[in-house]
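Q: Okay, here's the prediction I keep looking at, along with the sequence it came from:
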Amino acid sequence: MSKSQLRSIVTDIIKSIAPDEDLSSLDPEKPLRAQIDLDSMDFLDIVMELRVRYNIDVPEADYPQLNSLASTVNYLMPRMQGV
Amino acid sequence: MHNSRIVITGIGLTAPNGNSLPEFRKALLEGKSGVAKFETRYMGELIAGVCDFDDLRYQKKKAVRRGTRAGSIGIYCAQEAVKDAGLTVEDAGRDRVGVYLGITEHGNVETENEVYKISQFNYDTKFWTHHHNPRTVANAPAGEVTLNMGITGPHLCIGAACAAGNLGLVHGAQMLRLDECDLALAGGVSESIHTFGIFASFRAQNALAHNEEPAKASRPFAADRNGIVISEGGCVFALERLEDALARSAKIYGEVVGHASNSDASDFVLPEPKRQAECMELALRRAGIEPDDIDIISTHGTGTQLGDQQECAAINSIFAQCDDTCVNNTKSLIGHAMGSAGALELAGNLPSFEDGLVHPTINLENPDPDCDIKNMIIDTPFPKKNIDFILNNAFGMLGINSVVIVKRFDA
């Protein structure tokens, strides 16, 4: 799976959780919560959607890795191989 | 404690046949049913009353997704009620607004959805949502209203089975008298059609209506009735103390002059006409009026064999000699909107004070001889002179009875 494919997957998940947001101009390097309206419950929704859709469990200690779009993609890349 | 008179100054509602009071009233006068076919998980196609209000009028998509259907119904109705009252939450004072919503139940829909979801994962509970608790706490629908509208006064839901719509209103009136708030947003909501359990339970009780034509399925008091049509809906009244309403020259729909509640203490599901009659008599006493002062009795009748007969017995024990008292049934048009039923059915009758019409009951071509009740208005609106008092019944399981009497307000 390429980085762009993975970025698209993550963006789809965020879109489903924050459907009112315009994600087209997201800066992948900046924290997600600094750019769009995402609170802690939304963040847990992202974790849940990764579990439901791709059977990936993100332990609480790794939550900081999901800070930005780029860091999320980097974190998921090795875990999504073979999915 | 204020000894104030309480008046209705705004109404927001969604019913299966209307998303505002004018739409709802028009449908009731035209005998237009809001009952339709409805697909339900596990049980396939059933019949229900479904609302089509615009849930994005007052909420963002994320809020709809995060919250509950009952919350969205409550928000729509509360926002519409405040607007109809010619107020804003800021005008009233954020901390002086109270939200009191009657519910038949809350949490079944959200719990069933999660159980279904984890069933797709071999019941692994790690797939259970973190939204479950905030969605299912018993104050959720009222709490969602405060979150949406920025209300910082008190809020709670009143769990009262199918008497909840009346008792939400009653609770709001009482909180105004206790000076807990200056504006009470009070009524009832129901999302129950979105869980299969309520349909399955009524079916197991042989009390779920079925009919080839959905609009003919809700048949309270008819000889050929076969049960309840379950509906969703909501109705919120803006209630104020009379002096406050007069001070701002508010439109007044009516004055809440009498109310009562009691318990059958006899059975989980079967009603007790003696207690229902006592409840109506107590409300009449508190209103300081006699039975023949009542112009319209808005019945609770749901379409069950015994329930309809018992209510008729209760009404006849008080009103048999009242030649000018008219009777109608709103559930024949919208089904049983559960926690919102009492509030919706009262709201649908309130315009009678202005238009002088009693809305009809439908599907009553063949009345049950054991539901013999005088002056039932059938199929066609009945013009009645000097409509001054409406009595609204709402009864529920575990033997909870409620009666509200509203009087026309003349300045």
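A: Happy to help now that I have it.
Q: Run through the chain and note the low-pLDDT ranges.
A: As the question left the chain open, I've gone with chain A. Applying pLDDT under 70 to the predicted model, the residue ranges of chain A that meet it are A:83.
Q: Actually, chain B is the one I wanted.
A: Those would be B:1-2, if you go by pLDDT under 70 across chain B.
Q: Next, name the residue at the spatial heart of chain A.
A: A:Val10 (4.4 Å; Cα atoms, centre = their mean).
Q: Apart from its neighbours in sequence, what residue is nearest that residue?
A: Nearest non-adjacent residue to A:Val10, counting by Cβ to Cβ, 6 or more residues apart in numbering or on different chains: A:Thr72, 5.3 Å away. Just so you know, the C-beta spots here come from the backbone N, C-alpha and C atoms, and that holds for glycine as well.
Q: I'd say the residue nearest to the centre of chain A and A:Asn74 touch.
A: No. Taking Cβ atoms under 8 Å as the contact criterion, A:Val10 and A:Asn74 are not neighbours in contact, 10.9 Å apart.
Q: got the contact list for B:Leu167?
A: B:Gly102, B:Ile158, B:Ala160, B:Gly188, B:Ser261, B:Gly342, B:Ala394, B:Ile400, B:Ser402 (Cβ atoms under 8 Å, 6 or more residues apart in numbering or on different chains).
Q: so what's it closest to, chain neighbours aside?
A: B:Ala160 (4.4 Å).
Q: Now B:Asn392: phi and psi?
A: Taking degrees, to the nearest 10, you get phi -120, psi 120 for the backbone angles of B:Asn392.
Q: How about the secondary structure of the closest residue to chain B within chain A?
A: Among all residues of chain A, A:Pro19 sits closest to chain B, at 4.0 Å; criterion: Cβ to the nearest Cβ. Three-state assignment for A:Pro19 (DSSP: H, G, I helix; E, B strand; the rest coil): coil.
Q: how about it, what does it touch?
A: A:Pro19 is in contact with B:Lys61, B:Lys62, B:Arg65, counting by Cβ under 8 Å, 6+ apart.
Q: Next, format the residues you listed as TSV and append neighbour count, distance to B:Pro22 and secondary structure.
A: Conversion of those to TSV gives the following (neighbours: other Cβ atoms under 10 Å in any protein chain shown; distance: Cβ to Cβ, whole Å; DSSP: H, G, I helix; E, B strand; the rest coil):
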residue	neighbour count	distance to B:Pro22	secondary structure
B:Lys61	13	28	helix
B:Lys62	18	31	helix
B:Arg65	16	30	helix
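Q: and which of the residues you listed is nearest chain A?
A: The shortest separation between chain A and any of the contacts of A:Pro19 is 4.0 Å, and it belongs to B:Lys61 (by Cβ to the nearest Cβ).
Q: is it true that that closest one touches A:Ile17?
A: No. Contact between B:Lys61 and A:Ile17 fails when scored by Cβ under 8 Å: they sit 10.2 Å apart.
Q: Which one (most neighbours) among the contacts of B:Leu167?
A: Using other Cβ atoms under 10 Å in any protein chain shown as the neighbour definition, the contacts of B:Leu167 reach their maximum at B:Gly188, which records 40 neighbours.
Q: Mind checking what secondary structure that residue has?
A: Put simply, B:Gly188 is strand when judged by three-state DSSP.
Q: Surely it is in contact with B:Cys235?
A: Yes. With the criterion set as Cβ under 8 Å, B:Gly188 and B:Cys235 qualify as a contacting pair; they are 6.4 Å apart.
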